[in-house]
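Asks: Give the three-dimensional model of this entry:
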Amino acid sequence: MHISPLTSVVTSIFGAVAVLIWRIREGQTPVTLKKILIPPAGMATGFSMFIVPVFRIPWLWALAAFLVGAILLAWPLLRTSRLHREGEVIMMKRSSAFLAVIIVLAAVRFAARSYFNRIMSIEQTGGLFFILAFGMILRWRLNMYFQYRALTAPPQALDQPAA
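Replies: Prediction:
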């Protein structure tokens, strides 16, 4: 089955717009541990695609994709989003650059995908970019988890000197 370039572009734009809308709406509700941990846990089920041989890629490529996602592509997300306490709830505070970062990441992904589609199958490209996205999301969500734990930890009692 061949996917036309126009279909690919339209699908990519639709996906990017859907992510932007989701991120905007997500930022208006309190953050919970569930909201932090469920996305990467749910996404991890996607690794089952590699059961099918056509999706498999060399281990070194998979490791490189994971590291690029976790180190390079997660960095802008980490720099443009922070958790903070508002009364009794934890909220996500995003810089004004956050949406621009999402758009640039989508554009980079689209441009890189067109290159990789020339040197490997569409299925392998999909698997490679899934691993890249998983690395990015995992690092970002782990950072959010540690921020959340720090904001919800009970205050530490100061040691009182013996009188």
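Asks: From now on I want contacts and neighbour counts done on CA atoms only, so please keep to that.
Replies: OK.
Asks: How many neighbouring residues does residue 28 have?
Replies: If you count neighbours by other CA atoms under 10 Å, residue 28 ends up with 11.
Asks: What of residue 87?
Replies: Residues near residue 87, counting by other CA under 10 Å, number 7.
Asks: backbone phi and psi for it, please?
Replies: In this entry, residue 87 is assigned phi and psi values of phi 70, psi -120 (degrees, to the nearest 10).
Asks: residues in contact with stretch 64-83?
Replies: For stretch 64-83, the external contacting residues (CA atoms under 8 Å, 6 or more residues apart in numbering) are 90-98, 101, 105, 128-129, 131-140, 143-144, 147-148.
Asks: Filter those residues down to the buried ones.
Replies: 90-92, 94, 98, 101, 105, 128-129, 131-140, 144, 148 (16 or more other CA atoms under 10 Å).
Asks: So which of the contacts of stretch 64-83 sit within helices?
Replies: 98, 101, 105, 128-129, 131-140, 143-144, 147-148 (DSSP state H).
Asks: Tell me which residue is most central in the chain.
Replies: With distances taken as CA atoms, centre = their mean, residue 137 lies nearest the centre of the chain, 2.5 Å away.
Asks: For that one, give me its contacts.
Replies: 40, 69-70, 74.
Asks: swap the cut-off to 7 Å and go again
Replies: Applying CA atoms under 7 Å, 6 or more residues apart in numbering to residue 137 gives the contacts residue 40.
Asks: how far away is it from residue 153?
Replies: 24 Å (CA to CA, to the nearest Å).
Asks: Tally up the residues packed near residue 10, please.
Replies: For residue 10, using other CA under 10 Å, the count is 11.
Asks: For it, what are phi and psi?
Replies: Here residue 10 shows phi and psi, under degrees, to the nearest 10, equal to phi -60, psi -40.
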